[in-house]
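Enquirer: sequence and predicted structure are below.
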Amino acid sequence: MKFAVFQLTRKGGRDKNEDRMGYCYAGDTGLFMLADGMGGHPEGEVAAQLALESMAGSYQQCGSTPIVDAGAFLNSALLRAHTGIQNYAREKAMPDAPRTTLVAALLLREQLSWVHCGDSRLYLVRRGELITRTRDHSYNEQRAGAPGSAAARASRHVLYTCLGAPQRPEFDVAGPVAMQAGDRVLLCSDGLWDNVDEADILALLGALPVHEAVPDLVELALSRGGVHCDNVTALAIEWEPADAAGTLTDLDTQAMDRDSFATTFTTHLSTDACGRLLADVEPLDDAAIERAIHEINDAIRRTTAAKP
């Protein structure tokens, strides 16, 4: 399995960055994730971090029990992440739980499946053309009528589901789609798609390798969003790139040992907790959460500093 991957996040005009991103890969699978902690609720960045750690923990646990059904895995892993956030809020006796959106893509034996909850998006692009993208769980896209209508404009960012809320989340699982050489997959927060037209997203993804397209898309979103721009986060994958040996972001999982597992961030979930996909998740203590946030912020700073 050969792919190139590049990820980048910027704070924008907000006081802090509540977006989180990361990926894991092992053998013939890869899991790519992005979460956007929701404003108006406490500790959105913690909810986003917990969601990614929980998803990664579920994925790592499956190393000894290979994933057979991508859709079933994504369904269970998302629900487990939701439960973990709720448990964290109960442990801290929080009157209002942290909440987050989530989009995650699973590559399994050269096929792509994905799950999403909220308005963080996935785009699948082939030769500059849109194959598919996720539809936000917002009144704008699901219930408000035609795009561009007054009702749609007014409800553009009104979500009716997320992870961490008291009720069971609504979410969509899709795929599998057989990947073709050169296919690009983009995961992004609303800070990007809200400020960059779909035509520009497709043009940049279609014309540039992902390590160039992602920084250009992020900078374009920040420029158009202005001083009040939301956090902007993007993670993009190119399947079987032509220059597969060309950059540090290119990965060939066929060269990995059978039992190898790699990830861009450290998980702090126990092996036992990883196995209980739909059961209660042991909440992280404050020190573990602070370490996780510190580690991912360090990675973000290194990625941003490396940009020319």
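Expert: Right, received. Where do you want to start? Numbering: from 1, shown residues only.
Enquirer: ok, R121 touching V103?
Expert: Yes: counting by CB atoms under 8 Å, V103 is a contact partner of R121 at 6.3 Å. Where you see a C-beta, it was placed from the backbone N, CA and C, and this is true even at glycine.
Enquirer: quick one: which of these two has more around it?
Expert: V103 (26 against 21; other CB atoms under 10 Å).
Enquirer: now stretch 177-187: buried residues?
Expert: 177, 179, 183-187 (16 or more other CB atoms under 10 Å).
Enquirer: meant to ask about stretch 78-98, not that
Expert: Going by 16+ other CB under 10 Å, stretch 78-98 has these buried residues: 78-89, 97-98.
Enquirer: and it, how far from the chain's centre?
Expert: 19 Å (CA atoms, centre = their mean, to the nearest Å).
Enquirer: same question for stretch 196-213.
Expert: Distance of stretch 196-213 from the chain centroid (CA atoms, centre = their mean) equals 18 Å.
Enquirer: gap between the two ends of that stretch?
Expert: End-to-end distance for stretch 196-213, by CA to CA, to the nearest Å: 13 Å.
Enquirer: who's in contact with that stretch?
Expert: The contact list for stretch 196-213, computed with CB atoms under 8 Å, 6 or more residues apart in numbering, reads 4-6, 123, 125, 127-130, 133, 184, 186, 192-193, 216-217, 220-221, 224, 236-238, 241, 243, 247, 249.
Enquirer: rerun that using 7 Å as the cut-off
Expert: The contact list for stretch 196-213, computed with CB atoms under 7 Å, 6 or more residues apart in numbering, reads 4-6, 123, 125, 127-128, 130, 184, 186, 216-217, 220-221, 224, 236-238, 241, 247, 249.
Enquirer: circling back to that earlier point, let's see which of the buried residues of stretch 78-98 end up in helices.
Expert: 78-89 (DSSP state H).
Enquirer: return the member of the residues you listed nearest to Q60.
Expert: Relative to Q60, the closest of those is R80; by CB to CB it sits at 12.7 Å.
Enquirer: hang on, isn't that closest one packed against A56?
Expert: No: judged on CB atoms under 7 Å, R80 makes no contact with A56 at a distance of 11.3 Å.
Enquirer: mutual contacts of R121 and V103, please.
Expert: Counting by CB under 7 Å, 6+ apart, the shared contacts of R121 and V103 are T134.
Enquirer: could you count how many residues lie near the closest residue to Q180 other than its chain neighbours?
Expert: Nearest residue to Q180 in three dimensions, chain neighbours excluded: R126, at 6.3 Å (CB to CB, 6 or more residues apart in numbering). Other residues near R126 come to 18 when the count uses other CB under 10 Å.
Enquirer: for the stretch 151-300 of the chain, what spans make up the strands?
Expert: Along the stretch 151-300 of the chain, counting by DSSP state E, counting those that start in this stretch, strands occupy 172-178, 184-188, 232-239, 250-252, 262-263.
Enquirer: one more: the stretch 1-150 of the chain?
Expert: Residue ranges of the strands in the stretch 1-150 of the chain, as given by DSSP E, counting those that start in this stretch, are 2-10, 19-26, 29-37, 100-108, 111-117, 121-126, 129-133.
Enquirer: export these to CSV and tack on mean pLDDT and distance to L208?
Expert: Below are the strands of the stretch 1-150 of the chain laid out as CSV (pLDDT from 0 to 100; distance: least, CB to CB, whole Å):
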stretch, mean pLDDT, distance to L208
strand 2-10, 91, 10
strand 19-26, 90, 19
strand 29-37, 94, 19
strand 100-108, 96, 20
strand 111-117, 97, 20
strand 121-126, 97, 11
strand 129-133, 96, 15
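Enquirer: of those strands, which is nearest L74?
Expert: strand 111-117 (3.9 Å).
Enquirer: can I get that closest one in CSV, CA atoms only?
Expert: As requested, the backbone C-alpha atoms of strand 111-117 are provided in CSV (Å, rounded to 0.1, in the frame of the first residue of the first chain):
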residue,chain,number,x,y,z
GLN,A,111,-10.3,0.4,-0.8
LEU,A,112,-11.5,3.6,1.0
SER,A,113,-14.3,3.8,3.5
TRP,A,114,-15.2,6.7,5.8
VAL,A,115,-17.4,7.9,8.6
HIS,A,116,-18.4,11.4,9.6
CYS,A,117,-20.4,13.2,12.2
